[in-house]
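Q: below are the sequence and a predicted model; questions follow.
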Amino acid sequence: MSFRSIKGTKDLLPPDSYAWLHIENTVRDVLHSFRYFEIRTPVFESTQVFARGIGEETDIVGKEMYSFTDKGGTELTLRPEMTAPVMRAFMQHSMQAQQTLTKLYYIGPMFRQERPQAGRFRQFHQFGYESIGLESPYCDAEVIVISAEIYRRLGIPFELKINSIGDNETRTQYRARLQEYLKSVEDQLTEESKRRMHTNPLRVLDSKAPQDKEATEAAPSIQEFLFGNARIHFDTVLSVLDAMAIPYTVDSRLVRGLDYYSHTAFEFVSADLGAQDALGGGGRYDGLSEQLGGKPIPAVGFAAGMERLLMVLEKKGYAFPNAPLDLYIIGLEPESRKWAFETAVALRQAGLTVETDFAERSFKAQMRDANKQDAQYVIIVGEEEMKKQQTILKRMSDGDQKELAFGDVREKVPFIILGDNNQPANEENA
RNA sequence: GUGGGUGUAGCUCAGACCGGUUAGAGCACUGGGUUGUGGCCCCAGAGGUCGCGGGUUCAAAUCCCGUCACUCACCCCA
């Protein structure tokens, strides 16, 4: 085998894809119930959408983007995240003119050129959603409530960390004080943090280097700089979470990596993951539209990693069975196999899930296959049956079988099987 | 970019420290266990360039060097 999938990319194969489908369906169900609608944007954008939207100083833009120049000389980038593209599309299509609040969700692949490790890939998949158009703290709260609901339905335990980085005024004041503090401990900081101290001081707090953690232990908390609207906004969000009985911890060091955040920032983490323990995260990003060259548009959103959810589910040992197999039709010789093929197609049109054998396997092998695939019923057709123009219909759960005329199969079999499915477990009376 | 771990059958792994006749097991796969009835069990079969290249040796899956791949961790994030 000389070709392999590219480093950091992964093939999703059938047993895993059931779980994937389950997650997607759950995500869509919950979001539809909150009246969020799907948006699909191209997987690549002009590099500037990300460079300006996310911020030149971030790791994503600084060193993780899959960028290339196309044959026309245009600088393009495979999307590393979806918030900037969604905002770009929102602005491009003047969606604010159509309604006061626009609620969008997405599911799809993202790309970041990092060294892969557990829970981190170069092509990974996120679902996320954006609530665009209002400053209301209820939007922030709703965004958090939705993720909690999705995790709840999936059976994924989580911890919620939340913080507010306030409005522009908050950050201007806090930034100054923080820089002052950082200067006093500058010689204890890592090189990276010394540099960030000037470009993006808030992110020094986010550093996981023990050196930095120690040095910033006594740093002033942004929570003390939340006044007026910033304070009210955050308190309202928290009060909704309290009312919904969603547990959280306020973490004043949580600032999140991207430049566009303001006010609420939050992160869901899981104890069942490795070093990359973030299930998802989000926040308010009122400033993004302006960074993209438009008018101010308030917005708040969230994104979660599909692979990480899958990892947790795997670790929890949750199995997601394939769609059950209603019927397996066994054909024993050429004429019967042809009948089996045709009948299978007809019964599928009638709503059944049907399997037949193409390998011309022995009767026993086909029975074993039917059993292995967990078929509810088996139809057997051989020379004898062709002669008599009737089949044997066998129920696998108890071995009960009856004969059925060819002419009755298409009408009666769906009725028998689907009737059985609707009242499972307790037979006896049949 | 930096550091650690691992590469033997489709999958999970023994065998390696102490080189030695046809490289093993379980699962999965195929056939069969008296004519056409599944699960459990039993029998048989198929399936391997021991990651790749070089070296040492009478002899290398095993020792040495190189290389590639995968993987985990750091930075950071989903």
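A: Yep, it's here. From a predicted model like this one, the values you see are computed outputs, not experimental measurements.
Q: now for the longest helix along chain A, which elements pack on it?
A: Ranked by residue count under DSSP state H, the longest helix found in chain A is helix A:14-33. Contacts defined by 3 or more CB pairs under 8 Å, 6 or more residues apart in numbering; DSSP states H and E place helix A:14-33 against strand A:102-111, strand A:123-132, helix A:137-154, helix A:306-315. No exception for glycine: its C-beta is placed from N, CA and C like everyone else's.
Q: would you format these as JSON lines with mean pLDDT included?
A: Output for those, formatted as JSON lines (pLDDT from 0 to 100):
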{"stretch": "strand A:102-111", "mean pLDDT": "97"}
{"stretch": "strand A:123-132", "mean pLDDT": "97"}
{"stretch": "helix A:137-154", "mean pLDDT": "96"}
{"stretch": "helix A:306-315", "mean pLDDT": "89"}
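Q: can you say which of these is nearest to RNA strand B?
A: For these, proximity to RNA strand B was assessed by CB to the nearest atom of the strand; strand A:123-132 is nearest, at 3.4 Å.
Q: does RNA strand B sit close to that closest one?
A: Yes - part of strand A:123-132 sits near RNA strand B under the criterion CB under 7 Å from any atom of the strand, namely A:F124, A:Q126.
Q: what helices and strands are in contact with that strand?
A: With contacts taken as 3+ CB pairs under 8 Å, 6+ apart, strand A:123-132 sits against helix A:14-33, helix A:83-92, strand A:102-111, helix A:137-154, strand A:278-284, strand A:299-305, helix A:306-315.
Q: follow-up on the earlier one: most tightly surrounded among the helices and strands packed on helix A:14-33?
A: Highest mean neighbour count of those: strand A:123-132, a mean of 24 (counted as mean count of other CB atoms under 10 Å).
Q: what angle do that strand and strand A:102-111 make?
A: Using axes from the mean of the first three to the mean of the last three CA atoms, to 10 degrees, the inter-axis angle of strand A:123-132 relative to strand A:102-111 is 160 degrees.
Q: quick one: A:I330 from A:E149, how far?
A: The gap separating A:I330 from A:E149 is 45 Å, by CB to CB, to the nearest Å.
Q: hmm, I typed the wrong one, I wanted A:Q179.
A: 40 Å.
Q: still on that earlier bit, pipe the helices and strands packed on strand A:123-132 into a markdown table and attach distance to A:A323 per row.
A: Below are these laid out as a markdown table (distance: least, CB to CB, whole Å):
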| stretch | distance to A:A323 |
| --- | --- |
| helix A:14-33 | 9 |
| helix A:83-92 | 33 |
| strand A:102-111 | 20 |
| helix A:137-154 | 19 |
| strand A:278-284 | 27 |
| strand A:299-305 | 26 |
| helix A:306-315 | 18 |
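Q: ok, which of these comes nearest A:S193?
A: Among these, the nearest to A:S193 by CB to CB is strand A:278-284 (20.7 Å).
Q: can the closest one be found next to RNA strand B?
A: Yes - legend: contact between strand A:278-284 and RNA strand B by CB under 7 Å from any atom of the strand is shown at A:A278, A:L279, A:G280, A:G281.
Q: got it, and stretch A:304-316?
A: Yes - counting by CB under 7 Å from any atom of the strand, RNA strand B is contacted by stretch A:304-316 at A:A304, A:G305, A:E307, A:R308.
Q: export that stretch as CSV, just CAs?
A: Only the C-alpha atoms of stretch A:304-316 are listed here, as CSV (Å, rounded to 0.1, in the frame of the first residue of the first chain):
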residue,chain,number,x,y,z
ALA,A,304,-17.4,22.3,19.0
GLY,A,305,-15.1,19.5,17.7
MET,A,306,-16.9,16.5,16.4
GLU,A,307,-13.8,14.2,16.8
ARG,A,308,-13.7,15.2,20.5
LEU,A,309,-17.3,14.2,21.0
LEU,A,310,-16.6,11.0,19.3
MET,A,311,-13.6,10.3,21.5
VAL,A,312,-15.7,10.8,24.6
LEU,A,313,-18.5,8.6,23.4
GLU,A,314,-15.9,6.0,22.5
LYS,A,315,-14.3,6.1,25.9
LYS,A,316,-17.7,5.9,27.5
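Q: now it: how far from the chain's centre is it?
A: How far stretch A:304-316 lies from its chain's middle: 9 Å, per CA atoms, centre = their mean, to the nearest Å.
Q: contacts for that stretch?
A: The contact list for stretch A:304-316 (CB atoms under 8 Å, 6 or more residues apart in numbering) reads A:10, A:16, A:19-20, A:23, A:107, A:118-119, A:121, A:124-128, A:147, A:150, A:154-156, A:268, A:270, A:272-273, A:276, A:278-281, A:320.
Q: stretch A:139-155 too?
A: A:22-23, A:26-27, A:29-31, A:34, A:36, A:101, A:129, A:131, A:157-158, A:160, A:162, A:233, A:236-237, A:240-241, A:244, A:246, A:263-264, A:266, A:268, A:279-280, A:282, A:284, A:298, A:300-302, A:304, A:309, A:313, A:316, A:318.
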